[in-house]
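Asks: Based on what follows, work out the 3D shape:
(chains A and B)
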Amino acid sequence: MIKKFVVGCFDDEKVLFPAIKNVRKAGYKIHDVYTPFPVHGLDHALGIRETSLHTAGFIFGIIGTATALGCMGWIFTSDWPLNIGGKPHFPLPAFIPITFETTVLFASVGMVMTFCYLCQMMPGVKKHHFHPRATDDLFVMVIECTEKTNETEVTSFLQNNGAIEINVQEAETGWWFGRYDKQQKLYRHEEVGY
Amino acid sequence: MSLLKYESQLREPLVDGDKDYHQVTEDICRPIEAKPGKLWYIGFAISVLLLLFGVYSVYREVTYGTGEWNLNKTVGWGWDITNFVWWIGIGHAGTLISAILLLFRQGWRTGVNRAAEAMTIFAVICAGQFPIFHMGRVWLAFFVLPYPNSRGPVWPNFASPLMWDVFAVSTYFTVSLLFWYSGLLPDLATLRDRARTKFRKMFYGFTSFGWTGSTKHWQRHESLSLVLAGISTPLVLSVHTIVSFDFATSIVPGWHTTIFPPYFVAGAIFSGFAMVQSLLIITRKVLNLEDYITVGHIEAMNKVIVLTGSIVGCAYLTELFVAWYGQNQYEWWAFKQNRLNLFSPYGWAYYGMMFCNVVSPQLFWSRKLRRNILFTFFMSVLINVGMWFERFVIIVTSIYRDYLPSAWSTYYSPSVWEIGFYLGTFGLFFTCYFLFAKFFPVIAVAEIKAILKTSGENYKKKMTDTEKKDADKFYIEEVERAPH
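Replies: Predicted structure coming up:
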């Protein structure tokens, strides 16, 4: 969906945090803050809830454990019971290494895939980048404009709060496929057909 | 609101020089964007040549069978399994640095983790070649995988340590790769946003998965790294434990030892750090990254080396003592005659191992030597030679004399194709590393930025001033408030 945004760039975390506080107090809607590295406490300042990605990891891990034990148990006791040196058909201690490895494998692969799904990341995915230096040295605060928002007001508000560079952009919030170096071309509703 | 974590002034800075965020990006991305130097081309060419020699050696082995190697009736595991264990051991440092040191909140890991993780992945790739080609009929290698097949189905033996190995090594490779790549994403996005050429825009646009740096994404990324670190920690310990089970669960004198798992893990970390040292000392010089991989980093790694080296030394002596104390004549024979006896056929390997792994790292107790780069480089090579000897001693001296003395006469030494295969994996390893150093950031850009304001040299200096000012102010206020 295409929306209008006011983009303010900050070059210091010390300025960014009070600015976020003021912007939120003033009632503007912060779309997102793009940072070149994980700034601790930024998620709390923006009021973002804790991620539950680790729960997904736990669930995937349990699935891995169950898969490994279930498969090995079924194979050795029911599908093709082999007599290996007269040892038991369900030697639990000897199954521990593979069970452990499978747990770790499922947990990590599952978590990474969940991470990519949640963040909508994939090779070739194209997203709108509000500022090329957001991955270099700027903290880029993006404020979404609603019908009531006055752009000039937001611009001067950000200026007073220490933003070093401010501009207004019209951008697509979703993601799409395409070559990265193409001319910035917005995918309008009629083009996509929804 | 103070955002900065306080870091003691006694700790030396992790980033030298006068840096800001942009400078960090510049310093680390410049070697990737510039044309590679003459040294890069020479190194790359040598690596590719070695790789080609390795490919030819493997071709000989695949075409004519394992008879191309000098393995004999008693020595069924020679250079190949030695090299497998050696490479796997080297592959332990990366995940140790990125996972265990992350959990221990060791700031210095940020400078070295990316290159170490890459090294881990390449080392595991090299390691994997040996057991696969040792199978002989390598085109049937997929038989080790448990899948419903038309041969019965006949399943692999899940109670066998060799099967555990398949799972351990492949899981380790996958998880290390995911860990490494998820950490690379933000840095690839940095390169993408700096890209000027068409190829670079496409390549980094594709590989960075559309990373934007959104706060929510960073939050998830942090959670992902932490959990991956948490599960990689037991994983990294399990992998070499399981490799040691290949030996320890057998009843061959010299292998049948309960001390093997911790002893192998310590040895793996020891050799892994040595390899990281060798690579990073060259990398920091060639890519001008001395400000990020400082002498302090090298010293920290040398401390790990002296610790793990001492653990390995203790394990050697314990093993020896238990062989005698256990009163098993075969076990004691394996140690006394096949290893301890300098004039036995492989006595030289045992004493080489003792010298390189136990005696020489003790020099790192001296701070001056720990901080000497040339000496560290020399030692890192020596340690890896020693660790290769260790695996050779464990494998060959335990099996070259079995219970049948008439089989003793054959002295095992590798054929040219066995050596070629080993050299070939060096070629593979360095080819991968050269390509990595050319196209990927060898230092985690985002992570360096995150610690810059606590551990950067210029910021630390500034902090000293404010600290002093604050202390003075505090003193004056307290004095004024105090009743006279």
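
Asks: how about the strands of chain A, start to end?
Replies: Applying DSSP state E to chain A gives strands spanning A:2-10, A:29-34, A:125-127, A:139-144, A:165-172, A:175-177.

Asks: Of all residues in chain A, which one is nearest the centre?
Replies: A:Cys119 (3.2 Å; Cα atoms, centre = their mean).

Asks: How about the contacts made by that one?
Replies: By Cβ atoms under 8 Å, 6 or more residues apart in numbering or on different chains, the contact list for A:Cys119 reads B:Ser214, B:Lys216, B:His217, B:Arg220. The way it works is simple: take the backbone N, C-alpha and C, and place the C-beta from them, glycine included.

Asks: ok, 7 Å please
Replies: B:His217, B:Arg220 (Cβ atoms under 7 Å, 6 or more residues apart in numbering or on different chains).

Asks: quick revisit: select, out of the strands of chain A, the one closest to A:Ile63.
Replies: For the strands of chain A, the distance to A:Ile63 is smallest for strand A:125-127, at 26.8 Å, taking Cβ to Cβ.

Asks: And chain B, is that closest one touching that?
Replies: Yes: residues of strand A:125-127 contacting chain B under Cβ under 7 Å from any Cβ of the partner chain: A:Val125, A:Lys126, A:Lys127.

Asks: near chain A, which residues of the stretch 201-350 of chain B?
Replies: Checking the stretch 201-350 of chain B against chain A by Cβ under 7 Å from any Cβ, the hits are B:201-202, B:205-207, B:209-224, B:227-228, B:231, B:235, B:238, B:242.

Asks: Now intersect these with the helices, please.
Replies: Those of these mapping onto helices are B:201-202, B:205-207, B:215-224, B:227-228, B:231, B:235, B:238, B:242, per DSSP state H.

Asks: For B:Trp333, give me its contacts.
Replies: So B:Trp333 contacts B:Pro253 (Cβ under 7 Å, 6+ apart).

Asks: now swap in the one 4 residues further on and tell me
Replies: With contacts taken as Cβ under 7 Å, 6+ apart, B:Gln337 has the following neighbours: B:Ser344.

Asks: one more time with 10 Å, if that's ok
Replies: B:Ser344, B:Gly347, B:Thr397, B:Arg401 (Cβ atoms under 10 Å, 6 or more residues apart in numbering or on different chains).

Asks: Quick one: neighbours of the first one, just the number.
Replies: For B:Ser344, the count of nearby residues is 17 (other Cβ atoms under 10 Å in any protein chain shown).

Asks: Okay, it and chain A: tell me how far apart.
Replies: Counting by Cβ to the nearest Cβ, to the nearest Å, the gap from B:Ser344 to chain A is 33 Å.

Asks: Equivalent analysis for the last one, please.
Replies: For B:Arg401, the distance to chain A equals 26 Å [Cβ to the nearest Cβ].

Asks: low-scoring stretches of chain B, by residue?
Replies: Along chain B, segments meeting pLDDT under 70 span B:1-7, B:409, B:466-484.

Asks: Tell me how many other residues crowd the closest residue to chain A within it.
Replies: For chain B and chain A, the shortest gap (Cβ to the nearest Cβ) falls at B:Gly205, measuring 2.8 Å. By other Cβ under 10 Å, 25 other residues sit near B:Gly205.
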